[in-house]
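Trainee: take this sequence and fold it.
(one chain, ligands or ions: 2)
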Amino acid sequence: MKLYRTSNGPYVEEAGSYFHLPEPSWDALVTHDDLHGYLLSIVNKGEPAKDFLMAKIEAPIGNQEVWAAGVTYSRSRSARMDESKTAGGGDFYDRVYSAERPELFFKSTPHRVAGPGENVRIRKDSSWSVPEPELTLLINHCGQIIGYTAGNDMSSRDIEGENPLYLPQAKVYDGSCALGPCVLIDREPLPTSTPISLEIVRDGRSEFSGATTLAELKRAPATLVEYLFRDNSFPFGAFLMTGTGIVPPNSFTLASGDRIRITIDTIGTLENEVVQGS
Ligand code: DO4
Ligand code: MG
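Mentor: Ligands and ions are numbered 1, 2, ... in the order given. Reported below is the predicted structural model:
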């Protein structure tokens, strides 16, 4: 089942039919004792809604914090070692890739998150920016993974590469995160064969495309969640981005007007346009 947050409240989609949910609060849905069972009961007894297409699909977030894991794919490790080689940071990325403790960092508050069709931003003081397409977990307040969405961990590679201590500035700024288009609510983990793909379209032409699968993700999502919830409480639940396995070549930087499409099979496509901060 797919859970959508819209301008007309939340909807659940099953087999092509959309059902309007009587519970309007996104936070109440995320912290529901049994969200999967609740949605199933709506689908089983409800009348499909006819007004879903009239509603604007919004970012699937209420009061959840967004966190992110890093260097969870070998491609991210090599890209980071490369970008930081003159700053002496390369060794850190190599070490964290194989360390027991993962890299976890705070990514975004809800107001910095773009929904489908909204703009993501390049910092005005960055000259090298990329999108990072990431499977993103929705976790309830008890630390259970209740769903999956597509995420874009926008990153300023020049700022991050200059000094690893600049990571929060490279990662956290207005419009630096996008989530959507929906949350796939599933009690089962996603198959490791699940593909994640990225396409960047410039002036109507494909400027970059790449793909990976969850088989390349070095750490189990449940392990990342266990570390996130150590000595940390999330009363409204949280999102956790699981890291990128797709990094464009070093010659590539995003430009204003680029369209970023991130597709994860069974979830859908998250599409955003890029604007340059001024
Ligand atoms: O270590 C810096 C960030 C890593 C990251 O965002 C990723 O691997 O996706
Ligand atoms: Mg990332």
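Trainee: enumerate the residues of this protein near ligand 1.
Mentor: With C-beta under 6 Å from any ligand atom as the criterion, the chain meets ligand 1 at residues A68, G70, V71, T72, S76, R80, E103, E132, D153, L167, G243, T244. (C-beta placed from N, C-alpha, C; glycine too.)
Trainee: surely the third one meets M81?
Mentor: This points to V71. No. At 9.4 Å, V71 and M81 do not qualify as touching, with contact defined as C-beta atoms under 8 Å.
Trainee: comparing the two, which shows the higher neighbour count?
Mentor: The neighbour comparison of V71 against M81 (other C-beta atoms under 10 Å) goes to V71, with 26 against 18.
Trainee: ok, the more buried one to L104 distance?
Mentor: Using C-beta to C-beta, to the nearest Å, V71 is found at 11 Å from L104.
Trainee: around D231, how many other residues sit close by?
Mentor: Residues contacting D231 under the criterion other C-beta under 10 Å number 4.
Trainee: just confirm it is within a helix.
Mentor: No. Under the criterion used here (DSSP: H, G, I helix; E, B strand; the rest coil), D231 is coil, not part of a helix.
Trainee: phi and psi next, for M54.
Mentor: The phi/psi pair for M54 (degrees, to the nearest 10) reads phi -80, psi -20.
Trainee: overlap of the contact sets of V71 and M81?
Mentor: Listed as contacting both V71 and M81 by C-beta atoms under 8 Å, 6 or more residues apart in numbering are Y93.
Trainee: and L224, which of the three is it?
Mentor: Going by three-state DSSP: L224 is helix.
Trainee: contact partners for it?
Mentor: Applying C-beta under 8 Å, 6+ apart, the residues contacting L224 are A69, T72, P102, L104, L137, L240, T242.
Trainee: and the residue of the chain closest to ligand 1?
Mentor: G70 (2.7 Å; C-beta to the nearest ligand atom).
Trainee: confidence score at that residue?
Mentor: Note for G70: predicted pLDDT of 97.
Trainee: which strand residues bridge it?
Mentor: Under the criterion DSSP bridges, G70 forms beta bridges with E103.
Trainee: my guess is it contacts K107. True?
Mentor: No. In this structure, G70 is not within contact of K107 by C-beta under 8 Å, at 9.9 Å.
Trainee: show me where the stretch 151-278 of the chain has strands.
Mentor: 155-156, 177-185, 195-202, 205-213, 238-241, 259-264, 268-276 (DSSP state E, counting those that start in this stretch).
Trainee: make JSON lines out of the ones you listed and add distance to ligand 2, mean pLDDT and mean neighbour count.
Mentor: Putting these into JSON lines (distance: least, C-beta to the ion, whole Å; pLDDT from 0 to 100; neighbours: other C-beta atoms under 10 Å) gives the following:
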{"stretch": "strand 155-156", "distance to ligand 2": "6", "mean pLDDT": "98", "mean neighbour count": "26"}
{"stretch": "strand 177-185", "distance to ligand 2": "10", "mean pLDDT": "98", "mean neighbour count": "26"}
{"stretch": "strand 195-202", "distance to ligand 2": "12", "mean pLDDT": "98", "mean neighbour count": "19"}
{"stretch": "strand 205-213", "distance to ligand 2": "13", "mean pLDDT": "98", "mean neighbour count": "14"}
{"stretch": "strand 238-241", "distance to ligand 2": "6", "mean pLDDT": "99", "mean neighbour count": "27"}
{"stretch": "strand 259-264", "distance to ligand 2": "12", "mean pLDDT": "98", "mean neighbour count": "21"}
{"stretch": "strand 268-276", "distance to ligand 2": "14", "mean pLDDT": "97", "mean neighbour count": "19"}
